[in-house]
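Engineer: any chance you can model this:
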Amino acid sequence: MSSRTERKLLNELQDLGYTGLKVDPSTAAGYHVDHPGGDLIVGRRVLPSEPSAMPTDLSDLYVIEEKYTASTEDKWIRVKTEKTREMVEFAERLGATPVLAARWSTRTEWSPGAAHFCADVRETDINFDAKTFGVKPADVAEDFEEAEVFFG
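Structural biologist: Numbers count the residues shown, from 1 in each chain. Model prediction:
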């Protein structure tokens, strides 16, 4: 959601050995183009455990929707369900894992910390029948892991 926090997450993932790019939906004229590709697409080469088992390299690939809030009053990070559903379908067509990465400003006393909390969207309790859904700081303890753990 925030270019600054998207870059922070991308830099953190690069430190963990991933290569990726920020998917920029804006045009030269400043218009935004809707797309299902999330905010970041990252991956890293994975070699087979048995060199003779597979003649080609494999990769870990992730499509990430990053959300950030600096609100001091509203603890919820709001996510559009339809956009998330499209991201899941896009990621699955690529053979990638669809990830939701949530981060709260540390300027709020209830923030879970200065980290992105990540989860495979398909493994969360998202109600895809609703128009939007929310993630609150308390949710990260149950369904999410810090980025360095999730991607580590």
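
Engineer: low-confidence ranges in the chain?
Structural biologist: Along the chain, segments meeting pLDDT under 70 span 1-2, 25-33, 48-57, 107-112.

Engineer: let's see 90
Structural biologist: 1-4, 22-38, 45-59, 68-80, 103-115, 124-130, 132-143, 152 (pLDDT under 90).

Engineer: just the strands from it, written as ranges.
Structural biologist: 19-22, 40-46, 58-69, 77-80, 97-104, 117-120, 132-135, 145-146 (DSSP state E).

Engineer: which one of those strands is the most hemmed in?
Structural biologist: Across the strands of the chain, averaging neighbours per residue (mean count of other Cβ atoms under 10 Å) puts strand 97-104 on top, at a mean of 26. For every residue, glycine as well, the C-beta is placed using N, CA and C.

Engineer: quick check: bridge partners of the residue sitting nearest the centre point of the chain?
Structural biologist: Geometric centre of the chain, nearest residue: residue 64, 3.0 Å, by Cα atoms, centre = their mean. Here residue 64 shows beta-bridge partners residue 40, residue 99, assigned using DSSP bridges.

Engineer: for it, list the residues it contacts.
Structural biologist: 9, 38-42, 99-101, 118 (Cβ atoms under 8 Å, 6 or more residues apart in numbering).

Engineer: adding distance to residue 134, write those residues out as CSV.
Structural biologist: Formatted as CSV, the contacts of residue 64 follow (distance: Cβ to Cβ, whole Å):
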residue, distance to residue 134
9, 20
38, 18
39, 18
40, 21
41, 25
42, 25
99, 17
100, 11
101, 15
118, 17
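
Engineer: can you tell me which of those lies nearest to residue 81?
Structural biologist: residue 100 (11.6 Å; Cβ to Cβ).
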